[in-house]
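# missing the sequence, but the structure's below:
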């Protein structure tokens, strides 16, 4: 469904993602792991190139989504495809909601675009259903992003994914800013979405135990390149590349230090 | 509701403190109202007459007695009689005030009509000819004093073209030139402010995520970005409307427009204390009311300003 073909992301002076090829099949959970600065986030943002920081651009390669090249398609078409089929969930969920409008108003705008036929009451019902799935009360609709906690905003972001029923969710370390209990719950919600809506997930993750537990595929990135890829149980139990070995070694003992690094 | 109650209490408190201070300042200042009154009647002043008038005005009482008497009658809208015209001060002010309010409202409307589209367009087409000419317009408008703009407008529209009346009051047409004059100066400030706050709002990190959810560019621009851009603009709106009302004096003089501005200047030169005092307290009340509604407006458009700007 999603295919990255020799994707290269570069700034004016150097290449940050080099010739990355990766594919995500329908309904599949694909994890990307690797040390900080490996280019994982940029790879994920490249699916909707408009999200890349303005100093960076895709210098070569293609991002094919259901056959359409998102790098070269016109802006309008690209946004149409991305908004109807892909949901982004960011590490800092708060920055993906506009601070001056309540959750209800923002969701209403989303539903008006994505489900134009719905009546006001039906929209409201959909919203409440989505909140129900992520275990938030309906009162959240009245609130503003800044009034919600980090875990709540992240759940709101997942509820948007439930509302729009995308084919693919792209998540960039969605749990690294959250406490252990909340992040466990968020991960379960991703699983619910994958199972009940049948959507594929491309998730950047620091926690190799999460990868092992949830992912169907894993790609290990280092220095802008994919150094190893395959099924998590085979890649993580018998790592071939030095970076993968280092990552795996650090899991039981140095887990907390990985966390801290990831939070930065 | 709680906020409004608290604001109302602090508003009344402020008004009381302010009126007391203004009472003391004006009454303790040198100069003798009694001689002002007698001179206005244009007769030779004797010491006995002076004493009589002072007695009549209660000027022989202690300052505290004068204050309570003044405060009591002030609350009943009996603001004393003008020393010069012998008319009630309240009536004089109320007669002059509408003209000033019309000019201010007209100026504000002019400024909004000019500044909002030009400022937004300059931000959206940054660096283009629109942006450059907007900057030229803003700098010109800010550096040319308003009376000069007024004189140029009179020359153009009243003298050369003969479309509009140059001076006086009475019809809506008379309002046009003064409002334009005052509004152009104000617009130049707002063009720059709207441009910079719009540019800042375009950097709001959440907009890209919102756009990725399919919200159209039009809606993104006018519902989201514009809202964020309005926050800094509305924050200064109250102060600028207040100074607008104060700033009509020069314009009223240039256009011979009989408003509250010219009334107060006349009253100050003649030491007409009841009028000065009434106007001062009224303005203080108006300014804090404007500020109050400004705060409420801001609360409505940006309920909590948790706009921490973070990038993904």
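Good, I have the coordinates. None of the values given here were measured: they were computed from a predicted structure.

# how close does residue B:38 get to residue A:50?
Look at residue B:38 and residue A:50: by CB to CB, to the nearest Å, they are 79 Å apart. For every residue, glycine as well, the C-beta is placed using N, CA and C.

# neighbour-wise, which of those two wins?
Relative neighbour count places residue B:38 above the other of residue B:38 and residue A:50, with 19 against 14, counting by other CB atoms under 10 Å in any protein chain shown.

# leaving out chain neighbours, which residue sits closest to that one?
Taking CB to CB, 6 or more residues apart in numbering or on different chains, and ignoring the residues beside it in sequence, residue B:38 has residue B:45 as its nearest neighbour in space, at 4.6 Å.

# output the below-cut-off pLDDT ranges for the chain.
In the absence of a named chain, chain A is used. Applying pLDDT under 70 to the predicted model, the residue ranges of chain A that meet it are A:252-264.

# correction: the question concerned chain B.
Low-confidence regions of chain B, defined here as pLDDT under 70, cover residues B:1, B:30-31, B:33, B:39-44, B:169, B:304-312.

# tell me the secondary structure at the residue nearest to residue B:38.
Three states are possible here, and by DSSP: H, G, I helix; E, B strand; the rest coil the one that applies to residue B:45 is coil.

# these two touch, right, it and residue B:35?
Yes - with contact defined as CB atoms under 8 Å, residue B:45 reaches residue B:35; the gap is 6.2 Å.

# centre-most residue in chain A?
Of all residues in chain A, the one closest to the mean position by CA atoms, centre = their mean is residue A:171, 1.2 Å from it.

# quick one: the host helix or strand of that residue to chain centroid distance?
Here residue A:171 sits within strand A:168-172, counting by DSSP states H and E. Put simply, strand A:168-172 sits 2 Å off its chain's centre (CA atoms, centre = their mean, to the nearest Å).

# elements contacting the helix or strand following that strand?
Moving toward the C-terminus from strand A:168-172, the next helix or strand (DSSP H and E) is helix A:180-197. Contacts of helix A:180-197 with other secondary structure elements, assessed using 3 or more CB pairs under 8 Å, 6 or more residues apart in numbering or on different chains; DSSP states H and E, are made with helix A:150-164, strand A:168-172, strand A:200-204, helix A:208-214.

# helix A:180-197 to helix A:150-164, inter-axis angle?
0 degrees (axes from the mean of the first three to the mean of the last three CA atoms, to 10 degrees).

# flag every buried residue along helix A:180-197.
Across helix A:180-197, burial judged by 16 or more other CB atoms under 10 Å in any protein chain shown covers A:182-183, A:185-187, A:189-190, A:193-194, A:197.

# next, residue B:283: phi, psi?
As for residue B:283, its main-chain torsions (degrees, to the nearest 10) stand at phi -70, psi -40.

# one more: residue A:58?
Residue torsions, per degrees, to the nearest 10, at residue A:58 are phi -80, psi 110.

# so it sits against residue A:7, correct?
Yes - shown here, residue A:58 and residue A:7 form a contact pair, counting by CB under 8 Å, at 6.6 Å.

# which of these two has more residues huddled nearby?
Neighbours were tallied for residue A:58 and for residue A:7 using other CB under 10 Å; the higher tally belongs to residue A:7 (24 against 20).

# in this structure the more buried one contacts residue A:44, no?
No - using CB under 8 Å, residue A:7 and residue A:44 do not qualify as a contacting pair, with a distance of 11.0 Å.

# up against chain A, what does the stretch 101-250 of chain B have?
The interface of the stretch 101-250 of chain B toward chain A, taken as CB under 8 Å from any CB of the partner chain, is made up of B:204-216, B:219, B:223-224, B:227-228, B:231.

# packing partners of the helix or strand harbouring residue B:91?
With secondary structure defined by DSSP H and E, residue B:91 is part of helix B:89-124. When contacts are defined as 3+ CB pairs under 8 Å, 6+ apart, helix B:89-124 sits against helix B:129-143, helix B:172-202, helix B:226-246, helix B:248-254, helix B:260-269, helix B:273-301.

# for the longest one, buried residues please.
In this case it means helix B:172-202. B:174-202.

# the fifth one now?
Along helix B:260-269, these residues count as buried under the neighbour rule (16+ other CB under 10 Å): B:260-264, B:267.

# out of those, what pair is the most spread apart?
B:261 and B:267 (10.9 Å; CB to CB).

# ok so residue B:204 is a strand residue?
No - under three-state DSSP, residue B:204 falls outside any strand and is assigned coil.

# my read: it touches residue A:98, true?
Yes - the pair residue B:204 and residue A:98 qualifies as a contact (CB under 8 Å) at a distance of 7.2 Å.

# tell me, what's touching the two both at once?
Any residue near both residue B:204 and residue A:98 by CB atoms under 8 Å, 6 or more residues apart in numbering or on different chains counts here, and that gives B:224, B:228.

# so what's the residue nearest to the centre of chain A up against?
Residue A:171 is in contact with A:88-90, A:190, A:201-204, counting by CB under 8 Å, 6+ apart.

# export the residues you listed to a markdown table and append columns for distance to residue A:126.
Listed next are the contacts of residue A:171 as a markdown table, based on distance: CB to CB, whole Å:
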| residue | distance to residue A:126 |
| --- | --- |
| A:88 | 20 |
| A:89 | 19 |
| A:90 | 23 |
| A:190 | 20 |
| A:201 | 22 |
| A:202 | 25 |
| A:203 | 25 |
| A:204 | 29 |
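
# which single one of those residues is nearest to residue A:1?
Nearest to residue A:1 among the contacts of residue A:171 is residue A:202, at 10.1 Å by CB to CB.

# and the closest one, how far from chain B?
In this structure, residue A:202 and chain B are separated by 14 Å, where distance is defined by CB to the nearest CB, to the nearest Å.

# give me the neighbour count for that residue.
Here the count is done by other CB under 10 Å, and residue A:202 has 24 residues near it.

# my read: it touches residue A:170, true?
Yes - using CB under 8 Å, residue A:202 and residue A:170 qualify as a contacting pair, with a distance of 4.8 Å.

# how is chain B divided into domains?
What the record gives for chain B is the domain set B:2-86, B:90-301, from automatic domain parsing.

# could you report the neighbour count for the residue in the stretch 101-250 of chain A positioned nearest to chain B?
Ranked by CB to the nearest CB, the top residue of the stretch 101-250 of chain A for proximity to chain B is residue A:146, at 2.7 Å. Using other CB under 10 Å, residue A:146 is surrounded by 16 other residues.
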